[in-house]
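Undergrad: show me the folded form of this:
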Amino acid sequence: MPARPVPAGTRDVAAPTARPLLAALAKGVESAEERYHALRLLRDLPRWKSEVLPEGTSGGAVVSRLAGDGDRQVQKMVAELLDLPPAVPRRVRRQKPIPGEERRHEIDGTVLLSVPGGEYLLGADDITEATKPVHRVVLSPFWIAKYPVTNEQYERFLRARPKAPRPQYWDDKQFNQPNQPVGGVSRAEALVYCRWAGLTLPSEAQWEAAARGTDGRRYPWGNDEPTAEHANFGGREGGPTPVGAFPRGAGPFGTLDQAGNVWEWCVDVWDEKAYQRRERAKKNPVGTQGGSALRCLRGGSWSSVAWILAAACRHRGGASLRGGFVGFRCVLPSRAEPCLGCLDLVDSGGDTTAGDPGPRERFLDATKGRGDTETELGDTRTGRWDTKHPAGDTTASPVDTSAPRGDTTRGR
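TA: Residues are numbered from 1 along each chain as shown. Coordinates of the predicted model:
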């Protein structure tokens, strides 16, 4: 009959005594397998419980310490040796993450930040009619990406889903650097990426809450007016900058680039009066009314003027918009929930998980003749935004256009 294996440090055991085994276990045996076999050997030795080590510890006490061992086989052997009832597995309740706690999403490498559930103040009375009124919403906890999705991350997605269409400016050096936010991606394409990564697009409420926190600040960094140290805006950089390049623009939970750089898709259908419809605190609101051809955008971009960077500022674009100034960031609900927006991605046919470019084409086909064009975000000739500045100065309020260079007039 072959001999049973013995833990390291106890191979020289020849006499039928438990002391060497107990000494090795008291000192600590790294391998769970060897701890288990040492306990099995003890089972065959007499008087191991009453054996006393030089430091005065009894054999029973040594084995009792292993009752909380992380290996289930070891736990069972300890229970058998000590005549304990079988352990009932307990559900360990994980402590809630602290606000701003980071975790890395394994599939696409997204750094996620914890946003606690609770009541948030949204909207503003001094930006546009679409941001009125100031109101409260109640949100469940969620995780939001620290940065917009980068070209490097999107390339990982394209390698996994080779049939997916490439972004509009994928071969343009001004827009295709690895750490730049991916641009030229329609809302449908953003949703396909999210579904592949096991994430989703944020609702407007989630996006704004992450940018403003619980104190209702005007900008992600506070109430100070935007400067060149806070964000990439006003066309100063001539295009998108690498994500995280403006640490002074960090939001209350640690997000970066929520002001400027690229506009970010949200899951909501555009409804100019969405905020007016929330008469009282509403839980987890998602806009489903309004023109289905238009979807919500937040945050402004590298060619936006300063007032557009206010976290409450709302804007819209055609779902098929693929401008070099439009990107997206992802969220992950704290609990398993349906992918917001994924249900309206396709109505029949197509394989979004396989990177089927069909969703984009279906969006384009379905919205022909309904105003769903890339010029919804601005006039491609003048770069003007048809939503008035709060001061009424529309000549100084350009917004991005679908041209990759963005706004070239900037109202000068």
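Undergrad: which other helices and strands does the longest strand along the chain contact?
TA: In the chain, assigned by DSSP state E, the strand with the most residues is strand 263-269. On a contact count with 3 or more C-beta pairs under 8 Å, 6 or more residues apart in numbering; DSSP states H and E, strand 263-269 meets helix 204-212, strand 294-298, strand 326-327. Every residue, glycine included, has its C-beta placed from N, CA and C.
Undergrad: next SSE after the second one?
TA: Next in sequence after strand 294-298, counting helices and strands by DSSP states H and E, comes strand 314-318.
Undergrad: still on that earlier bit, among the helices and strands packed on strand 263-269, which is the most enclosed?
TA: Stretch with highest mean neighbour count among the helices and strands packed on strand 263-269: strand 326-327 (a mean of 30; mean count of other C-beta atoms under 10 Å).
Undergrad: sheet-wise, list the partners of that strand with their directions.
TA: strand 263-269 (parallel) (DSSP bridges).
Undergrad: what angle sits between the strand it pairs with and strand 314-318?
TA: Counting by axes from the mean of the first three to the mean of the last three C-alpha atoms, to 10 degrees, strand 263-269 lies at 80 degrees to strand 314-318.
Undergrad: contacts for strand 263-269, please.
TA: Strand 263-269 has contacts (C-beta atoms under 8 Å, 6 or more residues apart in numbering) with 148, 187, 190, 200-204, 207, 258, 274, 286-292, 294-301, 315, 317, 323, 325-329, 340-341, 377, 400.
Undergrad: SS state for residue 154?
TA: helix (DSSP: H, G, I helix; E, B strand; the rest coil).
Undergrad: and the pLDDT for it?
TA: The model reports residue 154 with a pLDDT of 98.
Undergrad: which non-adjacent residue is nearest it?
TA: In space, and not counting its chain neighbours, residue 154 is closest to residue 182: 4.3 Å by C-beta to C-beta, 6 or more residues apart in numbering.
Undergrad: neighbours of that neighbour, how many?
TA: Each residue near residue 182 was counted by other C-beta atoms under 10 Å, and the total is 27.
Undergrad: returning to what we had before: need the next SSE after the longest strand of the chain, C-terminal direction.
TA: Moving toward the C-terminus from strand 263-269, the next helix or strand (DSSP H and E) is strand 282-283.
Undergrad: so what does that following strand touch, helix or strand wise?
TA: Counting contacts by 3+ C-beta pairs under 8 Å, 6+ apart, strand 282-283 is packed against strand 135-139.
Undergrad: next SSE after the strand it packs on?
TA: Toward the C-terminus, strand 135-139 is succeeded by strand 142-145 as the next helix or strand (DSSP H and E).
Undergrad: which other helices and strands contact that next one?
TA: For strand 142-145, the packing partners by 3+ C-beta pairs under 8 Å, 6+ apart are strand 111-115, helix 204-212, strand 331-333.
Undergrad: quick check: mean pLDDT of it?
TA: Rounded mean pLDDT across strand 142-145 is 98.
Undergrad: do stretch 258-277 as well
TA: 95.
Undergrad: end to end, how far does it reach?
TA: Stretch 258-277 stretches 25 Å from its first residue to its last (C-alpha to C-alpha, to the nearest Å).
Undergrad: check the offset of that stretch from the chain's centre.
TA: 18 Å (C-alpha atoms, centre = their mean, to the nearest Å).
Undergrad: surely residue 303 touches residue 236?
TA: No. Counting by C-beta atoms under 8 Å, residue 303 stays clear of residue 236, with 9.3 Å between them.
Undergrad: of those two, who's got more company?
TA: Taking other C-beta under 10 Å, residue 303 and residue 236 do not tie; residue 303 has more neighbours (30 against 12).
Undergrad: next one: the more buried one from residue 49, what distance?
TA: As judged by C-beta to C-beta, to the nearest Å, residue 303 and residue 49 stand 78 Å apart.
Undergrad: then residue 294?
TA: Note on residue 294: its distance to residue 49, by C-beta to C-beta, is 76 Å.
Undergrad: one more: residue 140?
TA: Note on residue 140: its distance to residue 49, by C-beta to C-beta, is 52 Å.
Undergrad: residue 193 too?
TA: Applying C-beta to C-beta, the value for residue 193 to residue 49 is 61 Å.
Undergrad: returning to that earlier point: dump the helices and strands packed on strand 263-269 into TSV; add mean pLDDT as well.
TA: Below are those laid out as TSV (pLDDT from 0 to 100):
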stretch	mean pLDDT
helix 204-212	98
strand 294-298	96
strand 326-327	98
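Undergrad: closest to residue 240 out of these?
TA: Across the helices and strands packed on strand 263-269, residue 240 has its closest neighbour in strand 326-327 (7.8 Å, C-beta to C-beta).
Undergrad: gap between that closest one and the chain center?
TA: Worked out by C-alpha atoms, centre = their mean, strand 326-327 lies 16 Å from the chain centre.
Undergrad: then stretch 164-183?
TA: Relative to the chain's own centre, stretch 164-183 is displaced by 21 Å; criterion: C-alpha atoms, centre = their mean.
Undergrad: list the buried residues in it.
TA: 164, 165, 167, 168, 169, 170, 175, 176, 180, 181, 182, 183 (16 or more other C-beta atoms under 10 Å).
Undergrad: which residues touch the fifth one?
TA: Taking C-beta under 8 Å, 6+ apart as the contact definition, residue 169 lies against 175, 176, 183, 184, 324, 404.
Undergrad: tell me which element it falls in.
TA: Using DSSP H and E, residue 169 sits in no helix or strand.
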